[in-house]
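Chemist: Fold the stuff below for me.
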Amino acid sequence: MVEKAPSGFKSFWDKIDDDLAHIPIAAEAEHIPMRSTDKYDLYGVRITSVGPYRLFGYLSIPKTDEILPAIYYVPKNGSVHEIIPQGTAVAVREHYVTFSLACRGMRNSDRPYAAMYPGQLTDGLESAESYVYRGIAADTIRGLEYMITRPEVDKDRISAWGNDNALLVAARRKQITHVITQPAYLFDTIKNSTKTTSYPLAEFSDYLRLHPERTSQVNEILDMYNLRWHAPYITAKTLVRADDSEGIYGPKVLAEMYEHIAGEVTIHESEQSSFKDGLFAEKWLTQEMLGSTATPIVPEHWQEFI
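Modeler: From the prediction side, this is the model:
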């Protein structure tokens, strides 16, 4: 039996798309000399999402006349906003256009809404309209819409890197050609939240322990974001970084999602080593975006392991 998305799924996302279509991006980019070098320039970017809500992002552009592949570091569940993720080799900024976006509530985009962690993922969960993740999803899509306006970006090589939001944006916008993702909370959320006391998933268990009468309603709201229903719309080549076999989001659990992704999928089961898992991801991205003969861009202390 083929599972179907919940009633109202298409209209829910069509409405978000319509809201975005009626709000100008209104981009403003300011050069940041202190974070620029002779190899790349950094800009602080302001764009507008639904609300309207003003967002902040870091745009890094190599100093070259070439059209280059791009990495979109999608908004994450956490307050800290980085130019590139911690542990990523700075040299990435010499070979890619990179854009990291702070969604509403994250640092640099925390006015007027400052999120709590934990707390953000259940903020406004009383209804689909008030739930903060509706805005976060729109923010994530808006970030890509800005990135593809940049003339420096090769539109045939755009990757989304991050958590569940990388899959969401790839499902909603076909301009994403590659995805590197480590799902953390948007796949069968309530079912999997009962398996852990760790955040961010435990945030949902906390909420329903306080409001058990809302369980059915919360499930219905979260089902709009469930990666199970978004997977068939993802045509990008996708690297899924799963937990190990003992983890909540191990390969066996995530199979119910990734087996329905329309594009080519690579699964990497965690080796319980941020170094090994990160090296695998960097090698995969390099081969896909720069070619099989290119050398993976990794921190200096990793290079002997390439």
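Chemist: Only C-alpha atoms from now on, for both contacts and neighbour counts.
Modeler: Will do.
Chemist: Tell me where the model's unsure across this structure.
Modeler: Within the chain, the segments meeting pLDDT under 70 span 1-2, 304-306.
Chemist: Can you show me the helices along it?
Modeler: For the chain, the helices defined by DSSP state H cover 9-21, 92-95, 132-147, 164-172, 189-193, 202-210, 215-223, 227-230, 251-258, 274-290.
Chemist: who are the neighbours of the fourth one, in terms of helices and strands?
Modeler: In terms of contact count using 3 or more C-alpha pairs under 8 Å, 6 or more residues apart in numbering; DSSP states H and E, helix 164-172 is assigned the packing partners helix 132-147, strand 153-162, strand 178-181, helix 227-230.
Chemist: Out of the helices of the chain, which is the most enclosed?
Modeler: Highest mean neighbour count among these (mean count of other C-alpha atoms under 10 Å): helix 164-172, with a mean of 25.
Chemist: tell me the angle that one makes with helix 132-147.
Modeler: Inter-element angle recorded for helix 164-172 and helix 132-147: 60 degrees (by axes from the mean of the first three to the mean of the last three C-alpha atoms, to 10 degrees).
Chemist: what's helix 164-172 in contact with?
Modeler: 74-76, 137, 140-141, 144, 160, 176-177, 179-186, 225, 227, 230-236 (C-alpha atoms under 8 Å, 6 or more residues apart in numbering).
Chemist: Can you name the residues that contact N226?
Modeler: Contacts of N226 (C-alpha under 8 Å, 6+ apart): L186, F187, D188, T189.
Chemist: what does Y117 give?
Modeler: Taking C-alpha under 8 Å, 6+ apart as the test, what Y117 contacts is N77, G78, S79.
Chemist: okay, these in JSON lines with neighbour count and distance to T266 next?
Modeler: JSON lines is the format used below for the contacts of Y117 (neighbours: other C-alpha atoms under 10 Å; distance: C-alpha to C-alpha, whole Å):
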{"residue": "N77", "neighbour count": "22", "distance to T266": "24"}
{"residue": "G78", "neighbour count": "17", "distance to T266": "27"}
{"residue": "S79", "neighbour count": "21", "distance to T266": "30"}
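Chemist: Include distance to V92 when you put those into TSV, please.
Modeler: TSV is the format used below for the contacts of Y117 (distance: C-alpha to C-alpha, whole Å):
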residue	distance to V92
N77	23
G78	23
S79	23
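Chemist: Mind putting the helices of the chain into a markdown table with distance to V153?
Modeler: Formatted as a markdown table, the helices of the chain follow (distance: least, C-alpha to C-alpha, whole Å):
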| stretch | distance to V153 |
| --- | --- |
| helix 9-21 | 22 |
| helix 92-95 | 11 |
| helix 132-147 | 8 |
| helix 164-172 | 17 |
| helix 189-193 | 35 |
| helix 202-210 | 37 |
| helix 215-223 | 33 |
| helix 227-230 | 26 |
| helix 251-258 | 28 |
| helix 274-290 | 12 |
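Chemist: Can you say which of the ones you listed is nearest to Y113?
Modeler: Across the helices of the chain, Y113 has its closest neighbour in helix 132-147 (10.1 Å, C-alpha to C-alpha).
Chemist: on that earlier part again, which one, of the helices and strands packed on helix 164-172, ends up nearest to G291?
Modeler: strand 153-162 (11.4 Å).
Chemist: for that closest one, which positions count as buried?
Modeler: Neighbour-count burial for strand 153-162, with 16 or more other C-alpha atoms under 10 Å as criterion, is recorded at V153, D154, K155, R157, I158, S159, A160, W161, G162.
Chemist: how close does the second one get to T98?
Modeler: According to C-alpha to C-alpha, to the nearest Å, D154 and T98 sit 12 Å apart.
Chemist: Need the overlap of contacts for these two.
Modeler: Common neighbours of D154 and T98 (C-alpha under 8 Å, 6+ apart) are A70.
Chemist: what's R111 in contact with, if anything?
Modeler: R111 touches R104, G105, counting by C-alpha under 8 Å, 6+ apart.
Chemist: now do 10 Å
Modeler: Residues counted as contacts of R111 (C-alpha atoms under 10 Å, 6 or more residues apart in numbering) are Y53, R54, L55, R104, G105.
Chemist: Just put these in JSON lines and tack on distance to A242 and neighbour count.
Modeler: Listed next are the contacts of R111 as JSON lines, based on distance: C-alpha to C-alpha, whole Å; neighbours: other C-alpha atoms under 10 Å:
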{"residue": "Y53", "distance to A242": "33", "neighbour count": "16"}
{"residue": "R54", "distance to A242": "33", "neighbour count": "21"}
{"residue": "L55", "distance to A242": "30", "neighbour count": "25"}
{"residue": "R104", "distance to A242": "27", "neighbour count": "28"}
{"residue": "G105", "distance to A242": "27", "neighbour count": "22"}
